[in-house]
Each structure stands twice: as C-alpha cells, then as structure tokens.
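Enquirer: what follows is a predicted protein model with its sequence.
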Amino acid sequence: MFEQILELVKEHVGNNPEVAALPQDQQDALHNEVAQQVSNNLAQHASSESGGIGGMLSQLQTGGGTIMNAIEGGLVGSLSSKLGLSPGVSGAISAAIPSLLQKFATKANDPNDSSISLDGIKDSLSKFGLGNLGSMFGK
C-alpha cells in the first residue's frame with residue numbers, strides 16, 4: 001500500500017511549483033514523508049472507523065471527514081519540523097491530500113484497476129499489527 005500511495009503522492013504533489021523548486025533529495029524526502037503520514041493515518045483509521053476499511057474508503061470518496069483532518073493537520077507540522085518547509089509550501093502540499101485520498105479510494109473500489117485492491121490494503125494493514133481485518137470489509 002505504501003508504494004501505491006507514494007506513486008499517488010508523486011503524481012499529485014510533484015507538479016506543484018513550490019515542490020518542483022525544491023532540490024531533488026528534498027523532493028524525495030517530502031514524497032516519502034507524505035506517503036508515510038497518509039499510510040499511518042489510514043492504518044489507524046481503518047481499525048477504528050465504523051464499517052472498517054469499506055467505511056473508511058467510502059468516507060474518503062465523500063470528503064474524508066475526520067480522516068482528512070487528521071492527515072492534513074499532522075502533515076503540515078511534520079513537513080515543517082522534519083523538512084524545514086515553510087507553512088506556505090506545507091499548506092500547498094496539504095491542499096493536495098483530499099484529491100489524492102479520493103483517487104486512492106476510487107482505485108481501491110474499482111474492480112478494473114488492480115493497482116490498489118481491498119485485499120492489498122488488508123495485507124498492508126496487517127503489517128501495522130491490525131490482525132485479521134476480514135470482518136472489516138463488510139463481507
């Protein structure tokens with residue numbers, strides 16, 4: 001799941017003029033930090049979200065709510081403290097998160113797109129110590 005999120009981050013954030021102006025090594029660190037923040041927050045919310053992973057994906061497709069707020073809030077602070085980015089750059093990156101997460105959820109729910117699948121999410125989340133998530137799929 002991390003690799004798929006990392007690719008989405010590069011796709012959604014990479015064309016941002018503020019990001020493009022950064023040195024390549026800082027861009028790579030930024031992409032990894034954003035993907036890590038998103039992955040960690042999704043793992044936390046998948047275990048606590050009503051409806052499990054399916055409920056979480058549904059929430060992401062319709063605006064994200066608490067998941068989006070948690071990711072955006074943590075991300076701005078993390079990018080500023082870990083990478084020394086200005087609040088303007090961090091805010092611009094954070095603004096790309098809603099569309100990134102909507103695309104993630106859409107891909108996960110699309111049976112014709114195998115790049116992100118519910119089984120892949122389940123396998124990835126089990127690495128976060130969330131155990132058997134089968135009942136969380138609503139199946």
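Expert: Ah, there it is.

Enquirer: drop to CA atoms for contacts and neighbour counts, all remaining ones
Expert: Fine.

Enquirer: got the contact list for residue 120?
Expert: By CA atoms under 8 Å, 6 or more residues apart in numbering, the contact list for residue 120 reads residue 1.

Enquirer: what pLDDT does it get?
Expert: For residue 120, the pLDDT comes out at 78.

Enquirer: from residue 3, how far off is it?
Expert: According to CA to CA, to the nearest Å, residue 120 stands 11 Å off from residue 3.

Enquirer: and for residue 61?
Expert: Between residue 61 and residue 3 the computed distance is 20 Å (CA to CA).

Enquirer: more neighbours: which of the two?
Expert: residue 61 (18 against 13; other CA atoms under 10 Å).

Enquirer: pretty sure that one contacts residue 99?
Expert: No: with contact defined as CA atoms under 8 Å, residue 61 does not reach residue 99; the gap is 9.0 Å.

Enquirer: quick check: what element follows the helix or strand harbouring residue 4 along the chain?
Expert: Using DSSP states H and E, residue 4 falls within helix 2-13. As assigned by DSSP H and E, the chain's next helix or strand after helix 2-13 is helix 17-20.

Enquirer: which residues does that following helix contact?
Expert: So helix 17-20 is in contact with 13, 14, 27, 89, 92, going by CA under 8 Å, 6+ apart.

Enquirer: quick check: buried residues in that helix?
Expert: residue 19 (16 or more other CA atoms under 10 Å).

Enquirer: center of this structure - which residue?
Expert: Closest to where the C-alpha atoms of the chain average out (CA atoms, centre = their mean) is residue 38, at 3.1 Å.

Enquirer: nearest residue to that one other than its sequence neighbours?
Expert: The shortest distance from residue 38 to any residue other than its chain neighbours is 6.2 Å, reached at residue 71 (CA to CA, 6 or more residues apart in numbering).
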